[in-house]
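*Asks:* build me a model:
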Amino acid sequence: MDIQTNTFISDALLIQALKAGASDVHLSPSNDGYYVYYRLTGKLTFVQRIHIEESQKLSNHLKYVVGMDISERRHSQSKAFEYKWNKTSIAMRISTLPTAPLESIAIRILNSASLQPLQTLSPFKKDKHYFKQLLHATPGLVLITGSTGSGKTTTIYSIIKQLIEKQRYRIISVEDPIEHRIEGMTQVEIQTRGGLSFEHALRAILRHDPDIIVIGEIRDPVTAAIAVQAANTGHVVIASLHVTNSFSTLERLKDLGIESSLSCIQAILYQKLVTQKEGGNRIAMFDWLIGKELKDAMDGVQLQAPFLTVTKKAWAIGMIDDETCVRLSRMR
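*Replies:* Purely as a prediction, here's the structure:
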């Protein structure tokens with residue numbers, strides 16, 4: 001392996017991505033080698049092609065420097081790492097996917113600068129009010145929901161950082177992988193090969209007297225059941241869940257076998273990233289089920305289209321363009 005050459009190539013790719021403000025780097029395999037794409041403001045942008053021989057060496061090099069098993073090509077791998085750039089540590093996560101003739105590689109850029117104070121996450125008073133409520137840390141389950149790449153982890157970390165600043169809590173997280181290291185929180189990373197699953201980690205965490213438990217993602221019935229059990233026994237549980245809108249969260253929990261204990265839910269926050277009209281930056285928009293709206297949803301009351309009200313407000317103040325407004329208004 002030509003370490004020097006591949007270090008140069010990988011550094012060049014990552015530095016260019018950071019300068020461009022990319023959220024992801026994708027090395028997409030083909031018979032000719034890797035096609036490199038950056039995700040910029042939510043859209044994939046082609047950057048360059050890397051020759052097949054250089055691509056194989058680059059793949060091995062990237063896996064080696066982050067501590068992955070170079071010889072493992074039959075199973076996917078995921079690893080968080082820190083990249084030094086401009087005297088700053090940038091958190092990143094690399095994932096591999098077995099494909100032929102090369103492994104597909106995706107690198108998520110998790111710049112800690114994106115961990116904004118809660119009050120800056122949204123310009124709307126309603127969102128600020130509800131985020132303030134979450135900081136009371138009332139025992140129960142808080143679900144941060146959305147699709148892949150919608151910024152759920154960023155929102156969770158922003159909540160946690162403000163809780164740590166507000167009061168001394170015993171906060172323990174279980175994550176796969178840890179995306180940001182947060183001072184003042186005990187973070188546990190899942191090690192599937194070592195037998196440390198979400199289930200095992202959560203059961204161990206409950207024996208360590210936590211005030212707040214953070215679950216990177218609820219993926220299966222066992223994790224869902226433990227999260228609800230913890231919420232019903234006096235803990236604050238903050239977790240993410242993949243759904244298509246806020247209302248479908250309740251149906252998703254029922255699919256996971258949680259039907260009789262939904263009263264422990266304190267709030268459901270669904271979020272979506274959209275491109276801002278001016279400047280092209282991506283911003284988060286939020287839809288809440290909390291208080292009366294949450295009770296109505298649990299009682300089966302038909303709610304208005306998700307994002308309808310907030311979409312109209314965002315369009316009225318010039319945050320989003322006409323096309324985005326129409327698309328979000330139709331969302332179900």
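
*Asks:* other residues contacting the lowest-mean-pLDDT helix or strand in the chain?
*Replies:* Counting by mean pLDDT, DSSP states H and E, the chain has its least confident helix or strand at helix 3-20, which shows a mean of 82. Contacting residues not belonging to helix 3-20 are listed as 25, 36, 38, 40, 47, 50, 54, 57-58, 60-62, 65, 83, 85, 90, 92, 107, 109, 111 [C-beta atoms under 8 Å, 6 or more residues apart in numbering]. C-beta: built from backbone N, CA, C; applies to glycine.

*Asks:* helix or strand: which one has residue 129?
*Replies:* helix 125-134 (DSSP states H and E).

*Asks:* where in the stretch 1-150 of the chain is pLDDT low?
*Replies:* For the stretch 1-150 of the chain, applying pLDDT under 70 flags the ranges 1-6, 111-115, 119.

*Asks:* picking that back up, in helices, which of the contacts of helix 3-20 fall?
*Replies:* In helices, defined here by DSSP state H, the members of the contacts of helix 3-20 are 54, 57, 58, 60, 61, 62, 65.

*Asks:* which one of the residues you listed sits closest to residue 144?
*Replies:* For those, the minimum distance to residue 144 (C-beta to C-beta) is 30.0 Å, reached by residue 62.

*Asks:* counting neighbours, what do you get for that closest one?
*Replies:* The tally of other residues near residue 62 (other C-beta atoms under 10 Å) stands at 24.

*Asks:* isn't it up against residue 94?
*Replies:* Yes. The criterion here is C-beta atoms under 8 Å, and residue 62 meets it with residue 94 at 6.4 Å.

*Asks:* just list the residues touching the closest residue to residue 131 other than its chain neighbours, thanks.
*Replies:* Once flanking residues are discounted, residue 131 sits nearest to residue 118: 4.2 Å by C-beta to C-beta, 6 or more residues apart in numbering. For residue 118, the contact set (C-beta under 8 Å, 6+ apart) comprises 128, 131, 132, 134, 135, 158, 159, 162.

*Asks:* leaving out chain neighbours, which residue sits closest to the third one?
*Replies:* Nearest non-adjacent residue to residue 132, counting by C-beta to C-beta, 6+ apart: residue 118, 7.7 Å away.

*Asks:* so what's residue 188 bridging to?
*Replies:* Taking DSSP bridges as the rule, residue 188 bridges to residue 174.

*Asks:* now do the contacts for it.
*Replies:* Residue 188 is in contact with 172, 173, 174, 175, 196, 201, 205, counting by C-beta under 8 Å, 6+ apart.

*Asks:* at 7 Å what do you get?
*Replies:* By C-beta atoms under 7 Å, 6 or more residues apart in numbering, residue 188 lies in contact with 172, 173, 174, 201, 205.

*Asks:* which element is the first one on?
*Replies:* Looking back up the chat, that one is residue 172. According to DSSP H and E, residue 172 maps onto strand 171-175.

*Asks:* centre of the chain versus that strand, how much separation?
*Replies:* 14 Å (C-alpha atoms, centre = their mean, to the nearest Å).

*Asks:* what does stretch 127-135 give?
*Replies:* In terms of C-alpha atoms, centre = their mean, the centre of stretch 127-135 is found 20 Å from the chain centre.

*Asks:* run a quick neighbour tally on the residue lying closest to residue 205 once chain neighbours are set aside.
*Replies:* Leaving aside its chain neighbours, residue 205 sits nearest to residue 172 (4.9 Å; criterion: C-beta to C-beta, 6+ apart). Residues near residue 172, counting by other C-beta under 10 Å, number 22.

*Asks:* now do the contacts for residue 172.
*Replies:* Listed by C-beta under 7 Å, 6+ apart, the contact partners of residue 172 are 186, 188, 205, 208, 210, 213.
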